[in-house]
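Peer 1: 3D, please:
(chains A and B)
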There are 2 protein chains.
Amino acid sequence: MSGATDHFVHENRDRLLEELEEFLRIPSISTLPEYADDVAKAAAFVAAKLNAAGLENVEVIPTQKHPLVYADWLHAPGKPTVLCYGHFDVQPADPLELWLTPPFEPTVRQGNIYARGAADDKGQMYSHIKAVEALRSTTGTLPLNLKFLIEGEEEIGGVSISKYVEEHPDKLKADIALVSDTSMYAPGLPTLNVGLRGLVYMEVEATGPSRDLHSGVYGGASPNPVFGLIELLNTVKDSKGKIKIKGFYDDVQPPSSDELDSWSKLPFKEKDFLREEVGSLKLTGEKGHTVLERVWSRPTFEVHGIAGGFTGAGSKTVIPSKAMAKVSFRLVPDQNPEQIIEEFRNHVAKKAPKGIKVEVRVLGASPGLMVDTNHPGIRVAAQAMEDVFGKRTVFTRSGGSIPIVGEFAKFIGIPTILMGFGLPDDGLHSPNEKYNLDNYYKGIMTVAHFFEKYGEVTEST
Amino acid sequence: MSGATDHFVHENRDRLLEELEEFLRIPSISTLPEYADDVAKAAAFVAAKLNAAGLENVEVIPTQKHPLVYADWLHAPGKPTVLCYGHFDVQPADPLELWLTPPFEPTVRQGNIYARGAADDKGQMYSHIKAVEALRSTTGTLPLNLKFLIEGEEEIGGVSISKYVEEHPDKLKADIALVSDTSMYAPGLPTLNVGLRGLVYMEVEATGPSRDLHSGVYGGASPNPVFGLIELLNTVKDSKGKIKIKGFYDDVQPPSSDELDSWSKLPFKEKDFLREEVGSLKLTGEKGHTVLERVWSRPTFEVHGIAGGFTGAGSKTVIPSKAMAKVSFRLVPDQNPEQIIEEFRNHVAKKAPKGIKVEVRVLGASPGLMVDTNHPGIRVAAQAMEDVFGKRTVFTRSGGSIPIVGEFAKFIGIPTILMGFGLPDDGLHSPNEKYNLDNYYKGIMTVAHFFEKYGEVTEST
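Peer 2: Prediction:
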C-alpha cells in the first residue's frame, strides 16, 4: 500500500509541482494590510484543494484579521484522529533586490523551488493535503480520521487561531496533531523535534527623573534610568550565562542520557556553527554544557532590545526620564512560566537601583514542552520517516517556541508531532527562500505512510 | 557716570523692550534648515544694532552653516579689551501646544517677556549692545576697547565659531571675554559662574553575531551585544556613582574651603531640588559629597542613550547583531580629557565581554575650567553686579560645559566672565521660555557699569 502512494507521487510529480507553484504565486503576506486579499485568496486555494482531496465540511472561517480554513474526514470509527496544522501566510519578501528570481514567481533551480513561503510553510503544509489525495486515489478511502486547521496569521503571532482553539476544543479533538513547519537536522536525516523551549517575554521600563534633564546641571545627583536599567539587567545573568534569580533553576531537569547520547552523534561542528551561523568572535554560554544543550535544554535570559535617551547622530547631554528593554527567558520543560514571572518580579523589586522606578509588563508566557517519544503517534511517525528517507530518525529539540503546540496541549490536551521537511539552509524569512523538491515529494510520501501506519494503531478519541 | 547709564536705561525702557521684541520675533532656529533665512535675518539685525550703537568694522561673516557677526571699537589705548560673546540662534519651539502665547510673538506678562530665545540668549546678548549704546549716549565715547563675536550655531554645537576662534586668535585678542548666557543662582542674587565641568562624549558600539539571530535557535550559545553592552557599561561605575576606571580620580582636586563655605550658604534646599527639579524617587550620587559638590565639583559617568535590537510594540525574539550607547564623562578642572579617553579605552579593552567586539568613537572632548576669582576682570564684574542688584555677588560653578569658554582659553589664552542674568525658572529649551524684564534692564546697567569700572583698571593687551 505504501508503495502505491509513493508510486502515485512519482507519477504525478509535474502536476504536484505545478500546484505548489500556483500556491506560491499568491503573495499572502499577512503583516502588510495591502496584501489582505491575497491572504484570503490563499485561504480559498487551500479550501478548494482540501475539498478536491476529498475532505468534508470545508469552511473558510472569518476572524478579526485573516481567515482560518477547517476541514475534516471522520469516517474511520475506532481509528485514531490526526489534527493537521499548517499556515498559508508568508513573511514579507524584502529586501527584494537580494532575490535572484522574484519571490512570487516560483523558479526551480538545481532541485530546489525558490519562492517566498516555499518551505515556510506552503510547501510543507501542502504535503499534508497531497498525502490525503494520494491515499484516496490509490485506496479509495482514508486509513484514519483527519481534521485540518490551517491559519493565515502564523507570521504575525497567530492570535485568531489561538482564540479559535481555545473556543473549539471539542470540534478539534484528536489523538495527536501533525505539524510540518520545522527542518530536518541535516539533508537526508529524518528528524522529529520532540522538545521546545518555553518563553516568558517582558518589557521592563525604568523611570528616573520626571523629565529629561541636562546631564551637566544634574549629573552626579539625579538617577539615570538608562544606567539604572543597565545595573538592574546586569544582576539577572552573570557573564557565564548563569541566571542569578532565586529559585530559577529549581525545576530544570537535565536531558535523559539517551537524548544526550543521540545529540552527541548528530553531525554538529562547533567551529562551523560559530563561523557560518553565528559569526561572532566567540561563542558564549554556560560551562559544562555543549552548544546543543545550551540552545535546546538550558534556560536563558536575553535582552532583545533596549531604548532610551538620545541615540541620533552627534551628541546630546541628556539624562532621560525613561528607558526600556525587551527581555525574555527561554524556559525548559517543567519550568512554570507564571512562577518564573513572579521570581523575576521579586528580583526586580529587590534589585531596582536607588531612585529608579521599575515597571515590568508581561507580553507573553508559554511553557516548554516535551513529547513522549514512546507515544504511538511519535513511534509511527519516526518509522514513516525512516521508511521514506532510508535512515534512522533522530529526535532533536528546538530552542525556539512554537505557540500552537502549547495551545494544542493546553486546550485540546494532545501532543504534537513536529515532522519537518525543511533544511537548515532554506532561508526562512530571508531572500531566496527555497524548498528542496526531493523533500517536497518525500514529505507527501512520508505523511501518507504515517497516516496509513497510524491507522493501524487501535486508538480512538 | 554709572548713574547716567542707569538713567538712560530707565528713560528708554519702552524702546529697549520694543527692540528686544523685534529681535525675538525672528524665528532663528538654527537646527531646522527651513529657518536658515531667519537665522541670517537675526545676524543682520545684530549687525545693524552693533553699527547703530557705534561699533566699527561690523562684519557678517559667512560660514559653512550660519553666519557669525563681528564688530569692534578699539579707540581706548592703554585700556583693557573685552571680547563680548553671545548667540542669536534659538532652539526649536515644539511642543507648540504647550505655549500659552506663540513662541515668536513676544508677550509681556507679570514682569516677564515670553518668547523662544528670550533668556537664551537674545535678551542677554542684546544687553551687551545696549550697554554700549547707553555709554556712548551718555558719555560720547567708550571707556575701554571692545570686540564682539556673536554666533548663530550655539544650539547646534558651535562648529563654525570654534573654527573661527582657532583661526583668528590675533583678531580676537582681548584681556577677558564676557558671556551672558547663564543664570543667577536665585532671583535677585548676583552670580558669577567661575567653574565649569569638562566633557568627554563618546559612542560605544558592541557587535555580537554577524547578523540578527533567532533567540530560540541561538540563545544560550551566541553572544548578545545588548547584554554585552550592559555588562561592559556596568563595570564603569558602581551603584554609588563612583567611577571604577583605573587612574580616573588621580587629578581630581577638591574645591577650596572658601568655595565650599560659600556654597553652603547658598539658598539650596535638597528637598526642593529633588521634588521640583529632578522629580525622581530619590537622589543618587557619591556619599560624603553634598548635592552641589556632586553636580559642580565631582566628575561623573552618564549613559545618555542606548539603542539596540527590537523596541517596537509587541515582542520579537531577536539576538541583534549590534547595540550602541552614547556615554560621557563630566570632568573637573585638572583632569585631562585625552588621558581620560585613553583610560576608558584601556578599560573597555580589558572588560569587553566574551564574544563581543567593542568600538569606541570620541565625539567631543573639552577640559573643565576654573576662573581665578582674583582676576581684575572678575573682581570688577562682581562689583558691577553688586552695584546694580544691591547684594553681594556669589561665585558658583556649573556642572555643564560651555565649549566657547574652553576655546577662548585654548586659542586666545583668556579667561571668561560668565555674567548671567537668567533665572533658574526661565524654561530654556522648554515651552514658555521667558526672560525677566527687570533683569533685562539691570543686565544692561550692569554691563555698562562693568565696562566703565574695568576701563579704570590699567591693563592692556
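Peer 1: now the strands for the stretch 201-350 of chain A?
Peer 2: Counting by DSSP state E, counting those that start in this stretch, the stretch 201-350 of chain A has these strands, from start to end: A:213-214, A:300-309, A:318-319, A:322-331.
Peer 1: need the contact partners of the third one.
Peer 2: In this case it means strand A:318-319. Defining contact as CB atoms under 8 Å, 6 or more residues apart in numbering or on different chains, one finds that strand A:318-319 is touched by A:208-209, A:212-215, A:218-219, A:222, A:224, A:309-310, B:302, B:304-305. (C-beta placed from N, C-alpha, C; glycine too.)
Peer 1: and which of these is nearest A:Ser28?
Peer 2: Using CB to CB, B:Gly305 is the member of these that sits closest to A:Ser28, with 38.9 Å.
Peer 1: now do the contacts for that closest one.
Peer 2: Taking CB under 8 Å, 6+ apart as the definition of contact, the neighbours of B:Gly305 are A:Val226, A:Gly308, A:Gly309, A:Phe310, A:Thr311, A:Lys316, A:Val318, A:Pro320, B:Ala325, B:Lys326.
Peer 1: and if you look at A:Lys122?
Peer 2: With CB under 8 Å, 6+ apart, A:Lys122 has these contacts: A:Leu20, A:Phe23, A:Leu24, A:Phe88, A:Val90.
Peer 1: apply 7 Å and report the result again.
Peer 2: Going by CB atoms under 7 Å, 6 or more residues apart in numbering or on different chains, A:Lys122 touches A:Phe23, A:Leu24, A:Phe88.
Peer 1: so it, which of the three states?
Peer 2: helix (DSSP: H, G, I helix; E, B strand; the rest coil).
Peer 1: how much space between it and A:Phe411?
Peer 2: Computed as CB to CB, to the nearest Å, the A:Lys122 to A:Phe411 distance reads 26 Å.
Peer 1: flag every residue of the stretch 301-450 of chain A that's near chain B.
Peer 2: Within reach of chain B by CB under 7 Å from any CB of the partner chain, the stretch 301-450 of chain A has these residues: A:302-311, A:314-319, A:323-324, A:326, A:328, A:330, A:353-355, A:357, A:363-364, A:398-401.
Peer 1: buried among those residues? Need that as a selection in PyMOL.
Peer 2: Those of those that meet the burial criterion (16 or more other CB atoms under 10 Å in any protein chain shown) are gathered into one PyMOL selection, given here:
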select buried, chain A and resi 302+303+304+305+306+307+308+309+310+311+315+316+317+318+319+323+324+326+328+330+353+354+355+364+398+399+400+401
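Peer 1: one step back: need the strands of the stretch 201-350 of chain A in CSV (columns: distance to A:Lys265).
Peer 2: Written out in CSV, the entries for the strands of the stretch 201-350 of chain A read as follows (distance: least, CB to CB, whole Å):
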stretch, distance to A:Lys265
strand A:213-214, 59
strand A:300-309, 24
strand A:318-319, 55
strand A:322-331, 24
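Peer 1: looking at stretch A:24-32 now, give me its mean pLDDT.
Peer 2: The average of the pLDDT scores along stretch A:24-32 is 96.
Peer 1: quick one: that stretch near chain B?
Peer 2: No: interface with chain B: stretch A:24-32 contributes nothing (CB under 7 Å from any CB), its closest point being 11.3 Å away.
Peer 1: what about that stretch, how long is it end to end?
Peer 2: The first and final residues of stretch A:24-32 sit 17 Å from each other (CA to CA, to the nearest Å).
Peer 1: excluding covalently adjacent residues, which one is nearest to the residue in the stretch 351-461 of chain A positioned nearest to chain B?
Peer 2: Using CB to the nearest CB, the closest approach of the stretch 351-461 of chain A to chain B is made by A:Gly400 at 2.7 Å. Using CB to CB, 6 or more residues apart in numbering or on different chains and skipping the chain neighbours, the partner closest in space to A:Gly400 is B:Gly216 (2.7 Å).
Peer 1: how many neighbouring residues does that neighbour have?
Peer 2: In terms of burial, B:Gly216 registers 23 neighbours under the definition other CB atoms under 10 Å in any protein chain shown.
Peer 1: so it touches A:Pro403, yeah?
Peer 2: No: taking CB atoms under 7 Å as the contact criterion, B:Gly216 and A:Pro403 are not neighbours in contact, 11.5 Å apart.
Peer 1: about what we covered before: could you dump the strands of the stretch 201-350 of chain A into a markdown table and include distance to B:Glu56 and mean pLDDT?
Peer 2: Compiled in a markdown table, these are given as follows (distance: least, CB to CB, whole Å; pLDDT from 0 to 100):
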| stretch | distance to B:Glu56 | mean pLDDT |
| --- | --- | --- |
| strand A:213-214 | 38 | 91 |
| strand A:300-309 | 46 | 97 |
| strand A:318-319 | 42 | 93 |
| strand A:322-331 | 52 | 97 |
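Peer 1: B:Gly368 is nearest to which of these?
Peer 2: strand A:213-214 (16.1 Å).
Peer 1: and A:Asp438, what element?
Peer 2: A:Asp438 belongs to helix A:437-455 when assigned by DSSP states H and E.
Peer 1: so which elements touch the host helix or strand of A:Glu133?
Peer 2: For A:Glu133, the enclosing helix or strand under DSSP H and E is helix A:123-139. Contact analysis of helix A:123-139 by 3 or more CB pairs under 7 Å, 6 or more residues apart in numbering or on different chains; DSSP states H and E lists helix A:2-11, helix A:13-24, strand A:81-87, helix A:437-455 as its packing neighbours.
Peer 1: make CSV from the ones you listed and add mean neighbour count to it.
Peer 2: Formatted as CSV, those follow (neighbours: other CB atoms under 10 Å in any protein chain shown):
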stretch, mean neighbour count
helix A:2-11, 17
helix A:13-24, 16
strand A:81-87, 25
helix A:437-455, 24
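Peer 1: this completes my enquiry, with thanks.
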